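**Q** Okay, here's the prediction I keep looking at, along with the sequence it came from:
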Amino acid sequence: AQTVTQSQPEMSVQEAETVTLSCTYDTSENNYYLFWYKQPPSRQMILVIRQEAYKQQNATENRFSVNFQKAAKSFSLKISDSQLGDTAMYFCAFMKHGGATNKLIFGTGTLLAVQP
Amino acid sequence: NAGVMQNPRHLVRRRGQEARLRCSPMKGHSHVYWYRQLPEEGLKFMVYLQKENIIDESGMPKERFSAEFPKEGPSILRIQQVVRGDSAAYFCASSRGLAGEQETQYFGPGTRLLVL
């Protein structure tokens, strides 16, 4: 069974600074996807970024980028130029590719506070 | 282009009553997923449906919980004889398909169920 681990329950960063959130996962699969979702105080789940395991190039979306290390089973999220609106709970998630189901397996989350 | 719609946003039930949660997927999406988020926890997969079919219900409690996605209308998550432990946020997600970018799941705003 796949598992996702986020070892940082809470983090804090100053506005305009850079912060990195950690995520590790365990799987015997070779083809899969990894995601970061954010959940702001509104509790809405918002997709931040997505990475296909077969792609060596790290995904980027504006100020958000990932460091995907497949051999180490590590998938960290870097937020550059942090903004107050980035304050949220961030969840790392795993999805197996192929098969009959595409369920997401989530980590326990990291609460990020951006300080003015 | 409306996103995933869920209603009601908040639902209060007394122990023993029934709860019905509705989810309308994004336009063009035919795959629906339900997740539950207990207080202070990450999201846990419950069930995956396509139109008129339950594909994976491995995360559903064996009793009192059921889900459907009829040919017409929204997907329904039904909880019979609710207990206090059912209090949680229930999120619906939808995706277009099962390959590549189509597998990305987009979430609704959630339904917060409170059982008194």
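**A** Structure's in. What do you need? Numbering: from 1, shown residues only, chains lettered A, B, ... in the order given.
**Q** Quick one: name the residues of chain B near chain A.
**A** B:31, B:33, B:35, B:41-45, B:48, B:55-56, B:58-59, B:89, B:91, B:93, B:95, B:98, B:103-107, B:109-110, B:112 (CB under 8 Å from any CB of the partner chain). Yep, even glycine has a C-beta here, placed from its N, CA and C like the rest.
**Q** Show me which of these are buried.
**A** The neighbour-count test (16 or more other CB atoms under 10 Å in any protein chain shown) marks B:31, B:33, B:35, B:42-45, B:48, B:55-56, B:59, B:89, B:91, B:93, B:95, B:98, B:103-107, B:109-110, B:112 as buried among the residues of chain B next to chain A.
**Q** Among those residues, which ones are in strands?
**A** Under the assignment DSSP state E, these contribute B:31, B:33, B:35, B:43-45, B:48, B:55-56, B:89, B:91, B:93, B:95, B:106-107, B:112 to strands.
**Q** In contact with A:Y33, which residues are there?
**A** Listed by CB atoms under 8 Å, 6 or more residues apart in numbering or on different chains, the contact partners of A:Y33 are A:R50, A:Q51, A:E52, A:A53, A:F94, A:M95, A:H97, B:E103, B:T104.
**Q** Helix, strand, or coil at it?
**A** Under DSSP: H, G, I helix; E, B strand; the rest coil, the three-state class of A:Y33 is strand.
**Q** Now do the contacts for residue 113.
**A** No chain was given, so I picked chain A. A:A113 touches A:E10, A:M11, A:S12, A:V13, A:T87, counting by CB under 8 Å, 6+ apart.
**Q** other chain: chain B
**A** By CB under 8 Å, 6+ apart, the residues touching B:L113 are B:L11, B:V12, B:R13, B:A19, B:L21, B:I79, B:V82, B:D86, B:S87, B:A88, B:A89, B:Y90.
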